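Peer 1: Sequence first, predicted model second:
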Amino acid sequence: MEANFFRQIAGLNTTGNLQLTVSQVAEGRITVSVLLQNEACGDKAKTMIPPLILKGTAEEMDGAFFDKISSPLQAASGLMVNMEAFMKQLDEAKKHSAMEKEKTDKEKKVADEKERKYREAMKKVEELEKAGKYREAWVKVPEPGAFPEHTDELRKRKSELSAKFSPNLFDASAEPRANLFGDKPEPEPEPEDSEDWEDDSNSLEQEHNESW
């Protein structure tokens, strides 16, 4: 084996631990198992990468060992590095997914609570309306600013209730006061008889002349 063996190992530029197992299987022949492990890779799929097995004489190994292992080891190294990056991205995606889910759940909980309060308020309005308490029901109608998504419905509800208790100042069908209270109009005084007045005047004048 060449004296620069370890320099060539370093020149492979692989990531992880390179494990070499050398076994002599027959006279003059050896088997070399080469396995690259990357403990930083959290993907269990890395265990499916098998070791690279080389068989040959010592002379064959000296001449072609690095040519045979360079490409496979670099491919395996790159695969595990990619797997490691993939797992990190996957974990990050899971975290963001959990955060988004938590955010969505929180927003839904707030929205559900707000909707519950709205329904309770409108139920109270309906109860007061059925009891004929229109003004109180009008007061209990929530302000549109508190529930913007129900603005049109709230304004319509207020208008409906307002029409039930607000007097109509421009009602032209009001009856006259006499009719409202059942009074009868007083009869106009008849004019005095002018002829009777003249007869009484003549009688008084005659009595005066006789006295003289």
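Peer 2: Arrived safely, thanks for sending.
Peer 1: Walk me through the domains of the protein.
Peer 2: 5-96, 131-165 (automatic domain parsing).
Peer 1: Least confident of those, on average?
Peer 2: Confidence, taken as mean pLDDT, is least for domain 5-96 of the domains of the chain (a mean of 84).
Peer 1: Look at that one and report the distance between its end residues.
Peer 2: 47 Å (C-alpha to C-alpha, to the nearest Å).
Peer 1: Please name every helix or strand in contact with the helix ranked longest in the chain.
Peer 2: Longest helix of the chain, by residue count under DSSP state H: helix 58-130. With contacts taken as 3 or more C-beta pairs under 8 Å, 6 or more residues apart in numbering; DSSP states H and E, helix 58-130 sits against strand 29-37, strand 52-57, helix 134-140, helix 151-165. To be clear about C-beta, it is placed using only N, CA and C from the backbone, and glycine gets the same treatment.
Peer 1: could you dump the third one to PDB, C-alpha only?
Peer 2: Extracted as PDB, the C-alpha positions of helix 134-140 are listed here (Å, rounded to 0.1, in the frame of the first residue of the first chain):
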ATOM      1  CA  TYR A 134     -89.000  47.400  22.800                       C
ATOM      2  CA  ARG A 135     -86.900  50.300  24.200                       C
ATOM      3  CA  GLU A 136     -85.000  48.000  26.500                       C
ATOM      4  CA  ALA A 137     -84.500  45.600  23.600                       C
ATOM      5  CA  TRP A 138     -83.200  48.400  21.500                       C
ATOM      6  CA  VAL A 139     -80.700  49.400  24.200                       C
ATOM      7  CA  LYS A 140     -79.400  45.700  24.400                       C
END
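Peer 1: In it, which residues are buried?
Peer 2: For helix 134-140, the neighbour count (16 or more other C-beta atoms under 10 Å) marks Tyr134, Glu136, Ala137, Trp138, Lys140 as buried.
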